[in-house]
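Novice: Here is my input; please provide its structure:
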Amino acid sequence: MKKIKFIAYLLAPLVFSVNSVADEFSFGVGAGSLYSGLGANIAMRSDTDLKYLSAGCISYSDRGGSTCGVGAGWVTTDLFDFQNSQHGLGAYVGVVGTESTIFRKDEAIYGAGFGYHYFFNGIGFSGANAGFSFVVGDAKSGTHTGLMAQIGYQF
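Specialist: Next up, the predicted model:
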């Protein structure tokens, strides 16, 4: 729980700093790094980027219960000279996996990731998105690495 509060306090001012008058609030639901697993996000969106805080569940099992967590990230479409705002590259910090403990309860693994996101209507508009993120985290059993697929809708 201390990790979650630390991440939220550290990243909230960064994510919600207003850079221009064109920024607007956005809400999204789906699965993947934009949503911390299966969950939702709240974001500041402009014509070229998306800064977000997310909360979701990364796994569920009868034995270990649900493993949920939070995250934050930034996706931008103007790193390269694309002719549209549909292709985005992003960075993510938050829940990236799960590990079992000896007390039959699953715990969240926190880490970071880097990914590609495709916004079907462009990043500045409501619509569906898809993508993937390479993630890495520090688990008790060693380093956790993985790939998170993503699909969702940003309102």
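Novice: Now stretch 33-53: average pLDDT?
Specialist: Averaging pLDDT along stretch 33-53 yields 96.
Novice: and the next element down the chain from the helix or strand in which residue 53 is found?
Specialist: In this assignment (DSSP states H and E), residue 53 forms part of strand 49-61. Going down the chain from strand 49-61, the next helix or strand is strand 65-76, by DSSP H and E.
Novice: And residue 79, how far from residue 130?
Specialist: Relative to residue 130, residue 79 is positioned 19 Å away (CB to CB, to the nearest Å). Using the backbone N, CA and C atoms, a C-beta is placed for each residue, glycine as well.
Novice: in the strand holding residue 53, what counts as buried?
Specialist: Using 16 or more other CB atoms under 10 Å as the burial criterion, the residues of strand 49-61 that qualify are 49-59.
Novice: relative to strand 65-76, how tilted is it?
Specialist: Counting by axes from the mean of the first three to the mean of the last three CA atoms, to 10 degrees, strand 49-61 lies at 160 degrees to strand 65-76.
Novice: Does anything pack onto strand 49-61? Which helices or strands?
Specialist: When contacts are defined as 3 or more CB pairs under 8 Å, 6 or more residues apart in numbering; DSSP states H and E, strand 49-61 sits against helix 2-15, strand 24-32, strand 37-45, strand 65-76, strand 87-100, strand 106-119.
Novice: so how far is it from its chain's centroid?
Specialist: For strand 49-61, the separation from the chain centroid amounts to 5 Å (computed by CA atoms, centre = their mean, to the nearest Å).
Novice: Can you lay out the helices and strands packed on strand 49-61 as TSV showing mean neighbour count and distance to residue 144?
Specialist: Shown next, in TSV, are the helices and strands packed on strand 49-61 (neighbours: other CB atoms under 10 Å; distance: least, CB to CB, whole Å):
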stretch	mean neighbour count	distance to residue 144
helix 2-15	13	14
strand 24-32	17	17
strand 37-45	21	14
strand 65-76	21	13
strand 87-100	22	5
strand 106-119	20	5
